[in-house]
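>>> my questions are about this predicted structure, shown below with the sequence.
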Amino acid sequence: MVSAVDEVVDLVSTLIQFDTSNTGDPETTNGERDCAHWVAEKLEEVGYRTEYVEGGAPGRGNLVTRLAGSDPTRGALLIHGHLDVVPAEAADWSVHPFSGVVEDGYVWGRGAVDMKNMVGMVIAVARYLKRENIVPPRDLVFAFVADEEAGSKYGAQWLVDHRPDLFDGVTEAIGEVGGFSLTIPRRDGGDRRLYLIETAEKSMSWMRLTSRGQPGHGSFTHDHNAVTTVAKAVARLGEHEFPVVLTEPVTQLLAAISEETGYGFEGDDLEGAIAKLGSISRIIGATLRDTANPTMLQAGYKANVVPASAQAIIDCRILPGRRAAFEAAVDELLGPDVTREWVTDLPTYETTFDGELVEAMTAALLRADPDARPVPYMLSGGTDAKAFARLGIRCFGFAPLRLPADLDFAALFHGIDERVPISALEFGVEVLLDFVMHC
């Protein structure tokens, strides 16, 4: 008998070998078609009937299948993952980013963490359930989607708009980014593993700034240089620090950490206290306030020509309930000579850390790791939960991984030498299988 644990490493390695790089530009994006067809083959091999759907553009492959549960009167559970990855420069890596090489106890390559690790775990679990004729307590809908890394226009958002029938009866969902362990020191000695389950997300809002000025020869004086105007606005915005706002999931997470460690998070130097948590502080710290990070600049076409306009792209991540205050602050910082528009604007998402699904996650984690303490947290980025929530689906980030205490997990998201521990994949498969059997 082949177990789910036996398959997961090979599945993740093979998934990584599909170059599904998403540049955000349809002309240079490879697309997910081949990878989606391979996933279909692996599922159909054990008896699933799958549906392949291209999300509004050639090659943007999405795949959905359903496993019937024992109680059709219960709401179905959606388990979703995206097949695309961000691009990678091979010259920067110690292994080829699309090799999927397995060595030193890790599976290496682009997507090993974001998020072909979970995709591989889900395929392994789905195959095992079908092979062994195991009927879960409720319907399970498995969705492997396109384009998450560029806002899901050809993936989850398209499916929600054009094929909501694929998710009929779904009431709850799990996806990225959550369920991974954070090892912290106990106040009385030793360590404790917290497992961060995502219950909230900031918005994913990409803003284009434009300034216009007087074009002309580069050797003349220019009082209205569009490049200078946008550069000053970008600097003001990029250097601005938005106020700290403690949301409920962040408050709950910090309370749990304080209880375990004895650290205090009530003083004026909240970010300094969070820095004691190590690399994960970058993720937690980003959920304390709104952020606006300049990421792209564009202007001009020749060295001796002052252009008529200049543009910049700002990656904005806004906390729940902060949209109006954020926009007011941005407008004040930009001033009258720079206009702004949203080029991508996906909303925040929030749910509560309670209910039977949370209890099932908690129980599965504790059976695999008796020292686990599941806690809620807010993701500083965004996931396909933003799309599925529009169907009234309650979404959580739950891709369980028991990680080495010294692994800088935050740095691996979109990072160089992205990799996932084999032991974490094996742990995750066991937890997911347990979870879907008791959800």
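Perfect, I can see it now.

>>> geometric centre of this protein: which residue is closest?
residue 383 (4.5 Å; C-alpha atoms, centre = their mean).

>>> quick check, it in contact with residue 175.
Yes - the pair residue 383 / residue 175 is scored as a contact, 5.7 Å apart, by C-beta atoms under 8 Å. Where C-beta positions appear, they are placed from N, C-alpha and C, glycine not excepted.

>>> between those two, which contacts overlap?
Common contact partners of residue 383 and residue 175 (C-beta atoms under 8 Å, 6 or more residues apart in numbering): 395, 397.

>>> which residues in the stretch 51-200 of the chain form strands?
61-67, 76-82, 102-103, 106-108, 140-145, 170-175, 180-185, 191-201 (DSSP state E, counting those that start in this stretch).

>>> which of the ones you listed sits most buried?
Per residue and on average, the most neighbours among those fall to strand 76-82, with a mean of 27 (mean count of other C-beta atoms under 10 Å).

>>> which strands or helices does that strand pack on?
Judged by 3 or more C-beta pairs under 8 Å, 6 or more residues apart in numbering; DSSP states H and E, strand 76-82 is in contact with helix 116-131, strand 140-145, strand 170-175.

>>> in JSON lines, list the ones you listed along with mean pLDDT and distance to residue 199.
Listed next are those as JSON lines, based on pLDDT from 0 to 100; distance: least, C-beta to C-beta, whole Å:
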{"stretch": "helix 116-131", "mean pLDDT": "98", "distance to residue 199": "17"}
{"stretch": "strand 140-145", "mean pLDDT": "98", "distance to residue 199": "20"}
{"stretch": "strand 170-175", "mean pLDDT": "98", "distance to residue 199": "12"}
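
>>> for residue 32, find the nearest of these.
strand 140-145 (8.1 Å; C-beta to C-beta).

>>> next, the angle from the closest one to strand 170-175.
50 degrees (axes from the mean of the first three to the mean of the last three C-alpha atoms, to 10 degrees).

>>> strand partners (parallel or antiparallel) of strand 140-145?
strand 61-67 (antiparallel), strand 76-82 (parallel) (DSSP bridges).

>>> quick check: which of these is nearest to residue 377?
strand 76-82 (19.2 Å).

>>> and that closest one, average pLDDT?
Mean pLDDT, strand 76-82: 98.

>>> chain center to it, what's the gap?
Relative to its chain's centre, strand 76-82 lies at 14 Å (C-alpha atoms, centre = their mean, to the nearest Å).

>>> same check on stretch 158-170?
Per C-alpha atoms, centre = their mean, the centroid offset for stretch 158-170 relative to its chain is 21 Å.

>>> what lies in contact with it?
So stretch 158-170 is contacted by 51, 53, 55-56, 60, 62, 64, 75-78, 139, 141, 143, 145, 147, 152, 387-388, 390-391, 393 (C-beta under 8 Å, 6+ apart).

>>> got the contact list for residue 432?
By C-beta under 8 Å, 6+ apart, the neighbours of residue 432 are 121-122, 125, 364, 400.

>>> mind exporting the C-alpha coordinates of stretch 214-227 to PDB?
The C-alpha trace of stretch 214-227 is given here as PDB (Å, rounded to 0.1, in the frame of the first residue of the first chain):
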ATOM      1  CA  GLN A 214       6.800  70.200 -19.400                       C
ATOM      2  CA  PRO A 215       8.800  68.000 -21.800                       C
ATOM      3  CA  GLY A 216      11.900  69.400 -23.500                       C
ATOM      4  CA  HIS A 217      15.600  69.200 -24.100                       C
ATOM      5  CA  GLY A 218      17.700  67.700 -21.200                       C
ATOM      6  CA  SER A 219      20.100  70.600 -21.300                       C
ATOM      7  CA  PHE A 220      17.500  73.300 -20.500                       C
ATOM      8  CA  THR A 221      16.300  74.300 -17.100                       C
ATOM      9  CA  HIS A 222      12.900  72.800 -16.100                       C
ATOM     10  CA  ASP A 223      10.700  74.000 -13.400                       C
ATOM     11  CA  HIS A 224       8.100  71.300 -14.000                       C
ATOM     12  CA  ASN A 225      10.000  68.100 -14.400                       C
ATOM     13  CA  ALA A 226       7.700  65.100 -14.200                       C
ATOM     14  CA  VAL A 227      10.400  62.700 -13.100                       C
END
